[in-house]
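>>> next input, structure requested:
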Amino acid sequence: MTPLIWTSGAELGDTQKELEANLAIWLRSALLDYPFQQRDTFIKNEQHKWRAASALQKAIRRGHVETALRMANGLHGLDWEYVWRRMAVIALEDIGVADIPLVAAIVWVCGKPAWRNANGGCLNYLYLLVERMCLSVKDRSVCDLVCWVDWAPDLQTARANCFGPDPEHEDWRRAMMIDPDALLAHRMLAGWSIAGTKKCRGENVPEGLDGSFQKFMQIWSKQGPVELPLAVQMICQLGANKTGDSMPVAYPFIYEMAKKSFDNGPDVGSKTMGIGWEPDELVQLPIMGNYPSEAFDQHCREGKKAIRYWNKACAPIAEFLTDECKLAPDDVAGRFTVTSILVFRVEGAQVDKRLVFEGSKDLFDLAELALNQSQGCPGELNDYAMDLVRLNMPSLHHARKVVLDMIPPGAKPELPKQWWLGKLSKQPSPSLILPDLVSPTEAAEEAALLQSTATPAEYQQSIKAKAAQYVSEHLDAVALPKKKLVVIKKGKGS
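Residues are numbered from 1 along each chain as shown. Have a look, this model is predicted:
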């Protein structure tokens, strides 16, 4: 983990007037030093708005400045009000508590078009803040907390209890929300029920419930286990007003976790880790015209078509959906639901520099399991499914090119003709999918090994050993973060 110089936002001011004045000074000063150079990307087809928005957010997550600026310029020309609303969502979802002053500046200035135009230009500030988010450490813990409590099947009873109609629960919810020793999921659900779901929507909580976000913030400010700086309070309040999402409810809980981890610092004796960042293992696919491949996921029309095509064309994925998810081949909607969330977690949700603090990795895993399991992936095979999708991403890239008519008639796919998939163990264990150079004899040996191995760990170790031998004999290897391998056939290039 790389240590991070982290700030809580308290330095921005103790009064609303002081806070806004400091944010205005910082924005104007940063713009003076910013080398603005407008890109020439324009979106002629209004139907491409969603693919551009998806590309913008994926580029920010991965730190791809040039792509992000091009998409921002195109969206600004098409619908400048939309792109500024999107900026607030991206700041909460992807920067989180990693850079609180940056998030505060974005949620404050995104609702002030007159101020932007009078103090340097709307487009100039858009470029500045998009690039700052690209270069920032990322934190998706706020989104992860919402996903966990909203989607986890084992929290269904807790959701029903917290959002129940009994008025006597009010005191219980208030006490639960501020109790640092209570389960985080229960605290979040209690706070969410106080804020209500009219303004802070979810997927698996009752719709349109009355509540008061103002009351939620008052309880936190007066009785919360940690003091919320005024900048954090403003982020939550403006975020609730501008996004209609539940992430502003989760923000104080994540701030509490990060602040405690930072205050405790890295201490080997007490096993506290402090706060820092680590790189994700990014799935790297070629650019597709003007857009990165990862833009074409479940959040745009072409991405949805590509995933449906891939579900049928990629044999390992099709077999997994049929054999392990128990979905009929003609259940197009059900199969899309499973793979679309797996693809998002493998590719779309990844970031170049992820904030790490006490409990953040556990929260990441809990959110991933909750989302994947709730969408139809067997929970005990979650890790296997993630590895299966990750290893077959080149074929999804090919499916995207097919859907976008980027494959000449009669052209062969840019991936091995056939991928071998051994039978799944009853225990969750990551497997390795090798190209069709694997002989039937070797495949039988793999299947026998899978059946005879005592534990998934031993199986994985044996697979890694065989993969290393295979790579040394047939392939060039490129080292990536976390020491995993991407294999490239000799003489084929990348």
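>>> only C-alpha atoms for contact and neighbour calcs from this point on.
Will do.
>>> so where's the chain shaky on pLDDT?
Low-confidence segments of the chain, defined by pLDDT under 70: 165-168, 267-273, 408-494.
>>> how is it carved up into domains?
With domains defined by automatic domain parsing, the chain comprises 2-135, 141-264, 273-415, 432-494.
>>> now the ones you listed as JSON lines including mean neighbour count?
Conversion of those to JSON lines gives the following (neighbours: other C-alpha atoms under 10 Å):
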{"stretch": "domain 2-135", "mean neighbour count": "19"}
{"stretch": "domain 141-264", "mean neighbour count": "19"}
{"stretch": "domain 273-415", "mean neighbour count": "19"}
{"stretch": "domain 432-494", "mean neighbour count": "13"}
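>>> wait, residue 202 sits on residue 247?
No. Judged on C-alpha atoms under 8 Å, residue 202 makes no contact with residue 247 at a distance of 9.7 Å.
>>> so who does the closest residue to residue 96 other than its chain neighbours touch?
Leaving aside its chain neighbours, residue 96 sits nearest to residue 139 (5.0 Å; criterion: C-alpha to C-alpha, 6 or more residues apart in numbering). For residue 139, the contacting residues are 93-98, 354-355, by C-alpha atoms under 8 Å, 6 or more residues apart in numbering.
>>> tabulate those in JSON lines, adding columns for secondary structure and distance to residue 75.
Formatted as JSON lines, those follow (DSSP: H, G, I helix; E, B strand; the rest coil; distance: C-alpha to C-alpha, whole Å):
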{"residue": "93", "secondary structure": "helix", "distance to residue 75": "19"}
{"residue": "94", "secondary structure": "helix", "distance to residue 75": "19"}
{"residue": "95", "secondary structure": "helix", "distance to residue 75": "20"}
{"residue": "96", "secondary structure": "coil", "distance to residue 75": "23"}
{"residue": "97", "secondary structure": "coil", "distance to residue 75": "26"}
{"residue": "98", "secondary structure": "coil", "distance to residue 75": "26"}
{"residue": "354", "secondary structure": "strand", "distance to residue 75": "26"}
{"residue": "355", "secondary structure": "strand", "distance to residue 75": "28"}
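>>> closest to residue 275 among those residues?
When these are ranked by distance to residue 275 (C-alpha to C-alpha), residue 355 comes first, at 7.4 Å.
>>> residue 274 is in contact with the closest one, correct?
No. Using C-alpha under 8 Å as the test, residue 355 is too far from residue 274 to be in contact (10.8 Å).
>>> look up phi and psi at residue 326.
phi 60, psi 40 (degrees, to the nearest 10).
>>> heads up, I number from 11, so please use that
Sounds good: first residue 11 from here, last item residue 336.
>>> for it, give its distance to residue 47.
Using C-alpha to C-alpha, to the nearest Å, residue 336 is found at 53 Å from residue 47.
>>> again, but for residue 324
When residue 324 is compared with residue 47 (using C-alpha to C-alpha), they lie 43 Å apart.
>>> kindly report the same for residue 207.
Taking C-alpha to C-alpha as the criterion, residue 207 is separated from residue 47 by 42 Å.
>>> would you map the helices across the stretch 61-210 of the chain?
According to DSSP state H, counting those that start in this stretch, the stretch 61-210 of the chain carries its helices in the segments 75-100, 110-119, 123-128, 132-145, 151-161, 166-172, 179-187, 194-205.
>>> what's the closest of those to residue 406?
Nearest to residue 406, of all those, is helix 75-100, at 21.0 Å by C-alpha to C-alpha.
>>> spatially central residue in this protein, please.
What sits nearest the mean C-alpha location of the chain, by C-alpha atoms, centre = their mean, is residue 359, with 2.8 Å.
>>> dihedrals phi and psi, the residue nearest to residue 106?
phi -140, psi 110.
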